[in-house]
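Undergrad: prediction below, plus the sequence it came from.
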Amino acid sequence: MSTVTVFDHPLIQHKLSIIRNKDTGVKEFRELVSEVASLMCYEVTRNLETEAIEIETPVGPATVRQLAGKKLAIVPILRAGLGMVDGILQLIPSAKVGHIGLFRDPETLEPVKYYCKMPNDIANRDVIVIDPMLATGGSASAAITFIKEYGCKSIKLMNLIGAPEGIARIQADHPDVDIYIAAIDARLNDHGYIVPGLGDAGDRIFGTK
C-alpha cells in the first residue's frame, strides 16, 4: 500500500486558507498555488539520493553533496496542474516537464487521453505527477497508468486538496505510488466536487469563470 503524506506546515496551511477563500482573486490565487507547490516540493524531494564530490571554495577544498542518481520529471495533468509547475521549477530548474490531458467520456465516464507529450528519457527519471485536486481519483489514476506505459518505475502524486474517495482509488489502482497532499477534506458532493474544497482549480487559476 502506498503512503499518504499530509503537510501540516504552518506556511502551507496559511496559504491554503487563502486559496480556499472564494473572494481570493485570480492573481493571488495563481501565485499562492505556485508557492504552495514549491513548499510541498521541498518535502516531496527529501529522499533524493546525493553523492559526495570535491570542490574548491574561496577558502579551500571541501567535500560537499550533490544530487545523484535519476533526474526528475514533472507531469502536470492539464489544465489545472499547469498552475503548480513554475513553483516546482523554481527549486528544480533542470527538471523536465511532460504534459497529459484527459477528458471524461460522457457515455462510459472513463478518462480519455487527448494529449500526451513526455520527455524522451522519462523512463529514467523520478516522476512527480501534479494536479491541485484529487477528487474521484479517476483522472489521476488514468494519468499514472499512461505514464507507466512509458516504462516509468518511480512515480509520486502531489495534490493540494484531496477527498478520501480519490486517495482510496489511487491506493487501489497504484499501490506503488505515494501521495503527497496539503489537506484531506471530508467528502465529494453529488457533482464530484471536493467539499469544502476550493471550487474549480482550473477556472480559478486561469480566470475562466
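TA: Received the coordinates, thanks.
Undergrad: looking at this, Ile55 is in a strand?
TA: Yes: counting by DSSP: H, G, I helix; E, B strand; the rest coil, Ile55 is found in a strand.
Undergrad: OK, contacts around it?
TA: By C-beta atoms under 8 Å, 6 or more residues apart in numbering, the contact set of Ile55 is Pro61, Ala62, Val64. C-betas here are computed from N, CA, C, even on glycine.
Undergrad: which residue is nearest the centroid of this structure?
TA: Geometric centre of the chain, nearest residue: Ile130, 2.2 Å, by C-alpha atoms, centre = their mean.
Undergrad: for this protein, what spans make up the helices?
TA: 10-20, 26-44, 85-91, 138-148, 164-173, 201-206 (DSSP state H).
Undergrad: quick check: which of these is nearest to Met1?
TA: helix 164-173 (5.8 Å; C-beta to C-beta).
Undergrad: angle of the closest one against helix 138-148?
TA: On the basis of axes from the mean of the first three to the mean of the last three C-alpha atoms, to 10 degrees, helix 164-173 is oriented at 30 degrees to helix 138-148.
Undergrad: same question for helix 164-173, mean pLDDT?
TA: Average pLDDT, helix 164-173: 96.
Undergrad: follow-up on the earlier one: the residue nearest to the centre of the chain pairs with what?
TA: According to DSSP bridges, Pro76, Met158 are recorded as the beta-bridge partners of Ile130.
Undergrad: correct me if wrong: Asp176 contacts Val127.
TA: No: contact criterion C-beta atoms under 8 Å: Asp176 and Val127 do not qualify, at 11.9 Å.
Undergrad: of the two, which one has the most company?
TA: A side-by-side neighbour count of Asp176 and Val127, using other C-beta atoms under 10 Å, places Val127 first with 27 against 12.
Undergrad: report pLDDT for the more buried one.
TA: 96.
Undergrad: where's it relative to Asp121, distance?
TA: To Asp121, Val127 is 11 Å away according to C-beta to C-beta, to the nearest Å.
Undergrad: also Arg20?
TA: Distance from Arg20 to Asp121, by C-beta to C-beta: 38 Å.
Undergrad: when these two are compared, which one has more neighbours?
TA: Arg20 (17 against 12).
Undergrad: mind listing what the more buried one touches?
TA: So Arg20 contacts Pro196, Gly197, Leu198 (C-beta under 8 Å, 6+ apart).
Undergrad: just name the most buried of the helices of the chain.
TA: helix 138-148 (a mean of 21; mean count of other C-beta atoms under 10 Å).
Undergrad: what mean pLDDT does it get?
TA: On average, helix 138-148 scores 95.
Undergrad: could you say what helices and strands that helix packs with?
TA: Helices and strands touching helix 138-148, by 3 or more C-beta pairs under 8 Å, 6 or more residues apart in numbering; DSSP states H and E, are strand 71-78, strand 99-104, strand 111-117, strand 125-130, strand 155-162, helix 164-173.
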